[in-house]
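A.B. asks: Here is my input, please return the structure:
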Amino acid sequence: MNDYLVFSEEVAAARAAGLPIVALESTIISHGMPYPQNVQTAREVEQIIRDAGAVPATIAILGGKILVGLSVAELEQLGTSPDAMKVSRRDLPFVLSQGGVGATTVAATMICAELAGIEVFVTGGIGGVHRGAETSFDISADLQELAQTSVAVVCAGVKSILDIGLTLEYLETHGVPVLSVGQANFAAFYTPDSGFKADFRLDTPTEQARFIRSKWQLGLKGGVVVSNPVPAAAAMPRAEIDAITAQALAEAGAQGISGKAVTPFLLSRIKELTGGRSLATNIALVKHNARVGAALAVALKAAS
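C.D. replies: Predicted structure coming up:
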């Protein structure tokens, strides 16, 4: 892996010193938000993690290498590149071998984080089972990655554009535990409560770290989902976001948009239909997740 992994100076120093490190994805920069909010948010999230006592490691593919930790210039390149490829598990060999620009999804970031020895990964929302998957078979590779890659993923649940009930059923089938912070129910990205229960409520980073450490010490490989609801002050009304999501989904279907192009289209369209309020919610929940993820990384390091 030394042929592929390149650590930034900050991350390399943290590894040498045994400091807690938090992985961050890059698809949220290239495909999840418009410029310049994407780069600004990425830098602010990294600083939140530093302020909480951990070291951020934003992951991306540039020049045939997996970069673990990005410079300001590299963040700008990723945030402005029209050619950045959305990279999941199947795409990693291609973008590396071709020397292209790749933004890592949840699945790819988990893979790279595990290769780099990073146990905690912070994102906005994980992928899941898409609505209508019983006929389309459209299920995010994120879920299978959670079943096999041992990284704890802190998120605001799954994006409300997905079938949340079926997503949780899929995770249960594959033995992926779902923890919830501050409430019993699973989060729904733009709104705090999906109406579905999480597996276990564990509010403190110490409790979460003990659970995760116990899982892995038992030899139970695979990830853990830590569902951290969006702060109430930044949340959107559930009825409103459900109606807007339904409209955006109908438009995607009418335009023949499918596969990994669906989520970027829906997020962009929802932003338009909410007059930008959904973007503000997205930024708020990512920052909130960064605080919880950094605290978890610190607790996991102490538990080891």
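A.B. asks: Name the helix or strand of the protein that has the lowest mean pLDDT.
C.D. replies: helix 133-136 (a mean of 81; mean pLDDT, DSSP states H and E).
A.B. asks: Going by neighbour count, which residues in it are buried?
C.D. replies: The neighbour-count check on helix 133-136 (16 or more other Cβ atoms under 10 Å) flags residue 133 as buried. Heads up, the C-betas are built off the backbone N, CA and C, glycines and all.
A.B. asks: Make 30 the first number, not 1, from now on.
C.D. replies: Shifting the count to begin at 30 puts that one at helix 162-165.
A.B. asks: residues touching residue 253, list them.
C.D. replies: 181, 182, 205, 206, 207, 208, 240, 241, 244 (Cβ atoms under 8 Å, 6 or more residues apart in numbering).
A.B. asks: contacting residues for residue 200?
C.D. replies: Here residue 200 is in contact with 172, 175, 176, 207, 254 (Cβ under 8 Å, 6+ apart).
A.B. asks: typo on my end, residue 149
C.D. replies: Taking Cβ under 8 Å, 6+ apart, one finds 49, 50, 51, 52, 83, 180, 181, 183, 322, 325, 326, 329 in contact with residue 149.
A.B. asks: The first one is in contact with residue 79, isn't it?
C.D. replies: No - here residue 49 lies out of contact with residue 79, judged by Cβ atoms under 8 Å, at a distance of 11.0 Å.
A.B. asks: related to what we said a few turns ago, same list, the contacts of residue 149, but as a markdown table with neighbour count and secondary structure please.
C.D. replies: Output for these, formatted as a markdown table (neighbours: other Cβ atoms under 10 Å; DSSP: H, G, I helix; E, B strand; the rest coil):
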| residue | neighbour count | secondary structure |
| --- | --- | --- |
| 49 | 24 | coil |
| 50 | 26 | strand |
| 51 | 31 | strand |
| 52 | 29 | strand |
| 83 | 25 | coil |
| 180 | 22 | coil |
| 181 | 31 | strand |
| 183 | 28 | strand |
| 322 | 31 | helix |
| 325 | 30 | helix |
| 326 | 30 | helix |
| 329 | 22 | helix |
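A.B. asks: from those, which is closest to residue 90?
C.D. replies: residue 52 (14.0 Å; Cβ to Cβ).
A.B. asks: which residues does that closest one contact?
C.D. replies: 86-88, 97, 138, 141-142, 145, 147, 149-151, 180.
A.B. asks: Could you do residue 157 as well?
C.D. replies: Going by Cβ under 8 Å, 6+ apart, residue 157 touches 168, 169, 171, 172, 187, 188, 191, 192, 193, 195, 196, 199.
A.B. asks: What sits closest to it if chain neighbours are left out?
C.D. replies: Setting aside the residues directly before and after it, residue 157 is nearest to residue 196 in space (Cβ to Cβ, 6 or more residues apart in numbering), at 3.3 Å.
A.B. asks: Contact partners for that neighbour?
C.D. replies: Applying Cβ under 8 Å, 6+ apart, we find residue 196 in contact with 157, 158, 172, 187.
A.B. asks: which of these are buried?
C.D. replies: With neighbours counted by 16+ other Cβ under 10 Å, those contain buried members at 157, 158, 172, 187.
A.B. asks: one step back: what about burial for the contacts of residue 253, which qualify?
C.D. replies: So, by 16+ other Cβ under 10 Å, the buried ones in the contacts of residue 253 are 181, 182, 205, 206, 207, 208, 240, 241, 244.
A.B. asks: Do I have it right that the second one meets residue 153?
C.D. replies: No - counting by Cβ under 8 Å, residue 182 does not reach residue 153; the two are 10.9 Å apart.
A.B. asks: hmm, back to that, of the contacts of residue 253, closest to residue 65?
C.D. replies: Using Cβ to Cβ, the contacts of residue 253 come closest to residue 65 at residue 182, 26.7 Å.
A.B. asks: Would you check how far apart that closest one and residue 112 are?
C.D. replies: 27 Å (Cβ to Cβ, to the nearest Å).
A.B. asks: Please report phi then psi for the closest residue to residue 191 other than its chain neighbours.
C.D. replies: Once flanking residues are discounted, residue 191 sits nearest to residue 157: 4.1 Å by Cβ to Cβ, 6+ apart. With angles defined as degrees, to the nearest 10, residue 157 sits at phi -170, psi -160.
A.B. asks: Great, nothing more from me.
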